[in-house]
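Q: could you work out the structure for the sequence below:
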Amino acid sequence: MDGYNMDLRAIGMGLAFVLMWSSAFTSARIAVAYASPLLLLSVRFLISGLLAMAIAGEANYLVSGDKRDVLALKKVDKTRIITARRFLTILEGEQR
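A: Below is the predicted model of the structure:
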């Protein structure tokens, strides 16, 4: 039974990967009308790199001002994604 569950999980993860990978091409095609491809790739890799470093470093918080993309995630693994204002409020609470 465990092998069957693992197979379904692997298939689900594979389908999710394919969906995310293919959606990147569609969104890039639309976005290229508003920005250069180099800028789009730079932003994409910057966001990916920040998320990867936060997860690898087991950070509690990732501070971002990007309301449309990064803040919309709210949480990745154990890392909460918050605004600078919210982070300052948390720091003030810890100092008391």
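Q: so where does residue 8 fall, helix or strand?
A: In this structure, residue 8 sits in helix 2-31 according to DSSP states H and E.
Q: quick one: mean pLDDT for that helix?
A: Mean pLDDT, helix 2-31: 74.
Q: which strands and helices lie in contact with that helix?
A: In terms of contacts (3 or more Cβ pairs under 8 Å, 6 or more residues apart in numbering; DSSP states H and E), helix 2-31 is packed against helix 37-56. C-beta here means a position set from N, CA and C on the backbone, and glycine is covered the same way.
Q: buried ones in the helix it packs on?
A: Using 16 or more other Cβ atoms under 10 Å as the test for burial, helix 37-56 gives 50, 51, 54.
Q: any idea how far stretch 34-47 is from the chain center?
A: When distances are taken as Cα atoms, centre = their mean, to the nearest Å, stretch 34-47 is centred 15 Å away from the chain's centroid.
Q: export it as CSV, just CAs?
A: Output of stretch 34-47 as CSV, limited to C-alpha atoms (Å, rounded to 0.1, in the frame of the first residue of the first chain):
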residue,chain,number,x,y,z
TYR,A,34,5.9,45.4,-20.6
ALA,A,35,9.6,44.7,-19.6
SER,A,36,12.7,43.3,-21.2
PRO,A,37,13.5,39.6,-21.0
LEU,A,38,16.7,40.3,-19.0
LEU,A,39,14.8,42.3,-16.4
LEU,A,40,12.1,39.5,-16.1
LEU,A,41,14.7,36.8,-15.6
SER,A,42,16.7,38.9,-13.1
VAL,A,43,13.6,39.5,-11.0
ARG,A,44,12.6,35.8,-11.2
PHE,A,45,16.0,34.5,-10.2
LEU,A,46,16.3,37.2,-7.4
ILE,A,47,12.9,36.1,-5.9
